[in-house]
Structures are given as C-alpha cells and as structure tokens.
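Colleague: okay, sequence plus prediction incoming.
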Amino acid sequence: MMPNLTIDKKTSPNAFLALAALGIVFGDIGTSPLYTLKTVITLAGGKPTPETALGLLSLIIWTLLITVSLKYVTFVMRADNDGEGGIMSLMSLLRLHNHHRPVIIALGLFGAALIYGDGAITPAISVLSAVEGLKMSAPMVAPYVLPIAVVILLVLFAVQSQGTARIGWVFGPVMSVWFIVIGLLGLWGIAQHPGVLVAFNPWHGFHYLFTNRPKGFLVLGGVFLAVTGAEALYADLGHFGAGPIRLAWYGLVLPSLILNYTGQTALLISGGSVNDNIFYQLCPGSLLLWLIILATIATVIASQSIITGAFSMTRQAIQLGVSPPLKITQTSSEGYGQIYIGAVNWLLMFATIGITIFFGSSDRMAAAYGIAVSLTMLLTTALLFIVTREIWKWKLALSLAVVGTFFCIDAAFFSANLLKILDGGWVPLVLAVGIYIIMWTWACGSAALLKGIRSLTVPVDIFITFLKTSGVPRVSGTAVFLTKTTEQTPPIIVLQVTFNKSLHEHIAAISIVITHKPLVDENKRLDLKCLTGDFWRLTGYYGFMEKPDIPSLLQIAKQQGCTLDFNDVTYYVGHETIMHCPQGTALPSWQEKIFAFLQRNASHTYEYLSLPCERVIEIGRQIEI
C-alpha cells in the first residue's frame, strides 16, 4: 500500500517505477524470509529429515508461484478500476455495474477491515524478527530484544506526522540492496547442498502433504506466511502500473525470495541448527551485525509502507462513504498521496505495540499471523469470480476452472490458519470485526441520514414563490450552501430563512458526489444549473481517489457561465445531531448509538471540502433516523 511518495507513472520510466515499487510494494513479502521457514519447521515438529525439508521448501516455492505469480500478477491485477487496484477499488468496480448488491459491499468492506487487522500485526512481527537476530550476534542482549523492538515501533509511529517526502526516495534502493543480499546469501546456502534444487519438483510438496496428515495441513498455515504481502501488489497497482510491478517481481523479488528459501533449506539439510533462526545462519559471523541492521531497516520500510497504506485506504473509505470523515493532514505540497491521519496512526500504534508486548516473540506472533490476510485473499478471489463473469464475460466453466482453483487453494490456506485462532489468531480478527462494524454502521447510518434530510426538502418552485411573496430581507453578498441532496431546495437553506429571517442576495447550493471511479474527467467535473437569476445549483463529481475542493469548483462554475460573484462568499454547512425516530428506526438501537457517536466525533465538513474556516457558518439541526 502506497506511502507518502510522489511518483508520476505516466512520465517515469518502467525501471524507475520498478525500483520505487521495491520499497513500497514488496516490503512485507520481501521480509518474510526472516520468519517463514523458521515457523514452518516448528509446525513440522522441528529437526526435519532431508525429505521433509525438501517437501516444505517445495510448498513454499509453489505457493509463491501459484498465489503471487499466477493469481495476483497474471489475473487479479487485470481487474483494475481505471488503473486502480485493491479490494475496495474492486468493490467499487463491481458497484459500477450493479449498485444494488449488498453482498459485494459486505465482502469489500470486510476485506478492507481485515487489511487493517493484518496491518497491526505485520510491523510487530517484521521488526521483532529482525531484532531477534541480536540474540545470535550478542547473546547478552537477549533480554533487551523486546524493549528494543518496542522503541523502534514507537519512534516509527511518532514520526509519521512528519511524512516521508525527504527520505522516501531511499526506500527503493535500500530494498534493492536487501533483495540482492538475501539472494546472494541463498546462493551461498545452495552451494553447501546443491541437491536441494530438486524441491522445484512439486511432487515433493504433494508427497509431504499426503504422507504427513494432519500435520501437513497444519504446516500450510506457516507456508502461507511466504505470501502475506501479495495483496500489496494489487493494492498499489494505481501508483505504479502493472508493468513496473511485474518487472520488479520477476526481475528481482521472486528470484531473491526463492534463492533465499532454497539456501535456508540447503543449510538446514547440511546440518544447520533449528534452535536459531536459519535465516541468520546463512550469514558469515563477521557480517552478521550488518545483516541485522539491514534487516531492521528493511522491516521498518515495510512497516512504513503498511502504516501509510492504512492512511491511503482510510481516505479512500471516507470518499466512498464507508468511514466517518477524519482530519487528514497533507505532509507535503508535492503530492496528494503524502498524508497523515492522526486517529489512524495512534490507534494502529497502540494495537501494534500491544500485540508486540502481548506475544513477546516472533515465534508466538507467527501463530497469530496470516489468518486475516488469508481471508482477505479469499474474499478477493470471490470478487474476482464475479468480475470474470459480469465484466470479462467468461463462460461459467472457464471461471470455475481458473478462479475456482484459486479459491480452493485460498480456502485451504484459510482453513489451516483457522487452527491458529486459539493461539492468538483471534487478535487480528477482533480488530477487523471492530473496524467492519464501524464501516458498515457508517454506511448504513449515512444512508438513513440522507433519507431523513431528503424528507425535509422543499420543491424549488414553491421555495422561490415563497421568497418573492414573503418579503424575506435579502442581504448583499453570496451564500454557498453545502448540501447532501442533489434535487429540490436543500433543507439548510430553509433553516437559514426560518431562523435568521433573511437570505443572501445571491445563493448557490452545492452537492458533492463521489463516484465509484478513481478519477473523474475535468470536463465532467461540474453539473451547473440556473434555477433563477440569483439561485444556482452546482453538483461536483469526484473520484474516490480525488480530494473535493469547493473553491476550485466555484472557479469552474464561473468559467462555465455562472453569474454569481464568488469574491465575497459565506459558506453554510449543516451539523446534524442524530435523534431516535419514535415511529421506527432505520438502524438497530446499538448501531444507531454507534452512528450517533461517530457523527459527533467526525471531523468538520469544511476541513474535508477545503473551505476557508473563517468564512464558514455551521447550522445545527436534529435529524431523526
């Protein structure tokens, strides 16, 4: 998921974009060799025979090839929404074709919520795995490994408000060094036992699974850790494009991962100790400390990408109307993607550090890791099936053959990960369920609120007649009323006349509509209507990857012939207080209370719409839902 970097994929060469993608897209999956094979060996019972070790390696290799190379790189990345990827973008793509499909919304929202749950545990296990290498380099610091990891995570989250514009350009080069180093270490390990290369034959993996039941099934939960960052390839599609991501994957990432896993296994067969992390045993002792430092930096970069990816996904959720508006701070003027959301940062920090302290070691944490992202992948596959049928127009047999195969594999991994629930797998699931309840409640509550507001609208002709006959005083200047309704006279204008017994001489009602496309063409940005000579209606259209900007919209209106004077503008926005409707509520009582709480604590509308706060007047109103 995209951190705070400014990259123009239209003008930048593929090689540069591929280098940038190394530091953004592949951090999570690129640091998985730190803990994956170690976890798999533990699940296999420890001290595996050469035959077992080859079977485990074969499972890891073919999981990378099938899940990442075949499923995500070949098929899922084709399911883009005007170039954008990610499960929420996929949900929006399907809603473009069928607006009234609650199951699609539910799948998309829960998939997004699971990514938050996984995002809380990924920095914890990555950083802790890297720092644990100190036990081998300097055993006397073993008691301090956990505090060191906690301090690193604290600093990481504390500096988020500063953005990464100044240092973001080094992410790609550092991660390229990381991949080259782990690839070379893998080659050294293979040289110790070249016979390990027979594990490329998938028979070894199948043989292990079917001759070691039920332990083989349990091992799948550890094997899955090798691909936990695969969803990022799809989520960051819009920032780099498919070509650079594929170039980085096939050109460096995949070869380095396979070489390293193969080298670790070769060293294991040659007599490597299972008591210490086999990854660090690949490194000569004189260079071990430098590798630990590089691994720590790589895991911090991976964690940075996850944190800022959470910021990006939160803004996307706000735009799509499934999250309450939160204060978004632009950390740099260089690009729209360079943002900071304090509420998300601190909640994620408390969750990540709490998880780190609760589990205490990467071994224990690995037992809880993977369940959320495996379910996300399963939901992505379910949505992909709908895409193949309704958008790509595949025949049912072809969809079942291709996507059905992926679904069975994902279901196997998810089922294996379900066995981790009692060992801590419930932690990311509880986080995800909590976030899903918030998003679903906000979406349902917002729909009920809009219905309540629409019930208060007045036909335009009746309101205009009232103004002409009632003698309401008109004051100089222009008033711009922000409204959620796109038809009739907005209730906020009626309230202004009712309470203040006056109205500006010139008025404009503005509605913002967020489409299910990531971007909207500038020539389709504004729908402008003149209701009377001094009363205009403006409807602005924005994609879910764009930031609404009312002052800019007013300038477009002037260019399209609006005669209102926007040099002296007062903005009016409504501030709704949610009230229970005694005649029947649109939401269950518990959900209504949650929505009312979220509504009270949401950020101000003028911040979201880029309005000058000194020219904004909020009008309070009670809405029954």
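Modeller: Happy to help now that I have it. Just so you know, these numbers come straight off a predicted model, no measurement behind them.

Colleague: next, the buried residues of the host helix or strand of Leu450.
Modeller: Secondary structure from DSSP states H and E places Leu450 in helix 426-454. Of all the residues in helix 426-454, those buried under the rule 16 or more other Cβ atoms under 10 Å are 427-429, 431-432, 435-436, 438-446, 448-449, 452-453. For the C-beta atoms, the positions are set from N, CA and C on the backbone; glycine is no exception.

Colleague: tell me who's in contact with Glu614.
Modeller: The contact partners of Glu614, taken as Cβ atoms under 8 Å, 6 or more residues apart in numbering, number zero.

Colleague: look up how far Thr329 lies from it.
Modeller: Going from Glu614 to Thr329 by Cβ to Cβ, to the nearest Å gives 19 Å.

Colleague: my read: Val174 touches Ile301, true?
Modeller: Yes. Judged on Cβ atoms under 8 Å, Val174 makes contact with Ile301 at a distance of 6.3 Å.

Colleague: which neighbours do these two share?
Modeller: Shared contacts of Val174 and Ile301, counting by Cβ under 8 Å, 6+ apart, come down to Gly23.

Colleague: okay, strands next: where are they in the stretch 501-625 of the chain?
Modeller: Assigned strands in the stretch 501-625 of the chain, in chain order: 503-514, 526-532, 535-542, 569-579, 616-624 (criterion: DSSP state E, counting those that start in this stretch).

Colleague: swap in the stretch 1-150 of the chain?
Modeller: Using DSSP E, counting those that start in this stretch, strands in the stretch 1-150 of the chain do not occur.

Colleague: and for the stretch 201-350 of the chain?
Modeller: Under DSSP E, counting those that start in this stretch, the stretch 201-350 of the chain gives strands at 329-330, 339-340.

Colleague: winner for burial among those strands?
Modeller: Stretch with highest mean neighbour count among the strands of the stretch 201-350 of the chain: strand 339-340 (a mean of 20; mean count of other Cβ atoms under 10 Å).

Colleague: what bridges to Tyr542?
Modeller: Ile514 (DSSP bridges).

Colleague: might one say that it is in contact with Pro518?
Modeller: No. The criterion here is Cβ under 8 Å, and Tyr542 misses it with Pro518 at 10.0 Å.

Colleague: point out where the stretch 401-550 of the chain drops to low pLDDT.
Modeller: For the stretch 401-550 of the chain, no stretch has pLDDT under 70.

Colleague: check the stretch 251-400 of the chain too.
Modeller: For the stretch 251-400 of the chain, the stretches flagged by pLDDT under 70 are 332-337.

Colleague: ok, Pro255 touching Ile182?
Modeller: No. The criterion here is Cβ under 8 Å, and Pro255 misses it with Ile182 at 10.4 Å.

Colleague: which one's more surrounded, these two?
Modeller: Ile182 (28 against 14; other Cβ atoms under 10 Å).

Colleague: for the more buried one, list the residues it contacts.
Modeller: Pro33, Ser256, Leu257, Leu259, Asn260.

Colleague: that one and Met175, how far apart?
Modeller: 11 Å.

Colleague: sorry, back to before: of Val174 and Ile301, who's got more company?
Modeller: The neighbour count for Val174 versus Ile301, taken as other Cβ under 10 Å, is higher for Ile301 (28 against 17).

Colleague: quick one: the more buried one from Leu495, how far?
Modeller: For Ile301 relative to Leu495 (Cβ to Cβ), the value is 51 Å.

Colleague: in what helix or strand does the nearest residue to Gly574 once chain neighbours are set aside lie?
Modeller: Of all residues not flanking Gly574 in the chain, Ile492 sits nearest, at 4.7 Å (Cβ to Cβ, 6 or more residues apart in numbering). Taking DSSP H and E as the definition, Ile492 sits inside helix 491-500.
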